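[1] Give me a model of this one.
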Amino acid sequence: DKAYGTTELRQYITAESGTYTIPPKENAKNKWDCDYYVYCERHLIENFFNLLKNYRRIATRYDKLAHVFLSAVYVASICILPRVCLKTSFLGIIFVKTN
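    Residues are numbered from 1 along each chain as shown. Here you go, the predicted model:
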């Protein structure tokens, strides 16, 4: 997220031997490089977690045991997968008739 692109945070991440993928704000004076391909993949993962939170059982963490919660995440992921795959252009290209 662009809000976390402060110099102090980026220096801390680098000091801890980490890497960051934070795009600079439009009004940043000293802009830094950002791998936008990785940033787009991160966005897809965030969207998936947002879809998972639509399931009340997962959002409120009804399950107390970790393996039961993980099973609920698996079931919700299986329910989400067909909806997401049908929206992608990749599958649309496969099923288009070429006459």
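[2] what comes into contact with the longest helix along the chain?
    Determined from DSSP state H, the single longest helix within the chain is helix 66-87. For helix 66-87, contacts defined as C-beta atoms under 8 Å, 6 or more residues apart in numbering pick out 48, 51-52, 55, 57-58, 61, 63, 91. Bear in mind the C-beta positions are built from the backbone N, C-alpha and C, glycine included.
[3] now with 6 Å?
    The contact list for helix 66-87 (C-beta atoms under 6 Å, 6 or more residues apart in numbering) reads 51-52, 55, 57-58, 63, 91.
[4] what do you get for stretch 11-19?
    With C-beta under 6 Å, 6+ apart as the test, stretch 11-19 has contacts from Tyr20.
[5] Render the CA-only coordinates of it in CSV, please.
    The C-alpha coordinates for stretch 11-19 follow below in CSV (Å, rounded to 0.1, in the frame of the first residue of the first chain):
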residue,chain,number,x,y,z
GLN,A,11,15.0,1.5,5.7
TYR,A,12,13.8,-0.8,8.5
ILE,A,13,12.7,-3.5,6.1
THR,A,14,16.1,-3.3,4.3
ALA,A,15,18.0,-3.4,7.6
GLU,A,16,16.1,-6.6,8.5
SER,A,17,17.3,-8.2,5.2
GLY,A,18,13.8,-8.0,3.7
THR,A,19,12.5,-6.7,0.5
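[6] let's number from 451 now, not from 1
    Taking 451 as the first residue, the last one we looked at is stretch 461-469.
[7] Now find how far off-centre it is within its chain.
    Taking C-alpha atoms, centre = their mean, to the nearest Å, one finds the center of stretch 461-469 at 21 Å from the center of the full chain.
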